[in-house]
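Q: Sequence and predicted structure, then a few things I'm wondering about:
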Amino acid sequence: MGFLLRLLVNALALYLLTRVYGGVSFVPNADIVGVLLAALVMGIVNALIRPVLLLLSLPINILTLGLFTLVVNAVVLWLVASVTVLDVNGFGGAFVGAIVLAIISWVLDSVISVLGLDGRRA
């Protein structure tokens, strides 16, 4: 999937998250540039910081049979919210928001794949 399409899908997923779940929102008067910037920061954090967090938490992740990954995803969302126009209501809000965001992203990725917009041939 192209970079621009991935950025737009992430921005749409973040926007839908703020509409579906009240624990995550954008600051008042946030514009489309802020939403796109939040999606870009989310992509950068997922590419650079999340793998390090997963590696550092590997022993506890093994003990919890992978469930600690949900906590890592919440930390990632919380980090993104701390530097962008995204607003999260505490760690619990980040935890539930990360789960909802994963579901929304999965659905959007499935739709993109079914429509053939991901560039793969059937």
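A: Right, received. Where do you want to start? All values derive from a computational prediction rather than experimental measurement.

Q: rest of the way, CA atoms for contacts and neighbours
A: Will do.

Q: Could you name the helices and strands sitting against the helix or strand harbouring Ile62?
A: Using DSSP states H and E, Ile62 sits in helix 58-63. If you count contacts as 3 or more C-alpha pairs under 8 Å, 6 or more residues apart in numbering; DSSP states H and E, helix 58-63 packs onto helix 68-83.

Q: Show me what counts as buried in the helix it packs on.
A: In terms of neighbour count (16 or more other C-alpha atoms under 10 Å), helix 68-83 has its buried residues at 68-81.

Q: Stretch 53-69 now?
A: 53-54, 61, 68-69.

Q: circling back to that earlier point, how about the buried residues of helix 68-83, which pair is most distant?
A: Phe68 and Ala81 (20.1 Å; C-alpha to C-alpha).

Q: Give the residue spans of this structure that score low on pLDDT.
A: Within the chain, the segments meeting pLDDT under 70 span 1, 121-122.

Q: all helices for it, in order.
A: For the chain, the helices defined by DSSP state H cover 3-20, 32-56, 58-63, 68-83, 90-115.

Q: gap between the shortest one and the chain center?
A: By that I understand helix 58-63. In terms of C-alpha atoms, centre = their mean, to the nearest Å, the centre of helix 58-63 is found 22 Å from the chain centre.

Q: Which residues does stretch 25-34 contact?
A: For stretch 25-34, the surrounding residues in contact (C-alpha atoms under 8 Å, 6 or more residues apart in numbering) are 17-19, 84-88.

Q: any idea how far that stretch is from the chain center?
A: 16 Å.
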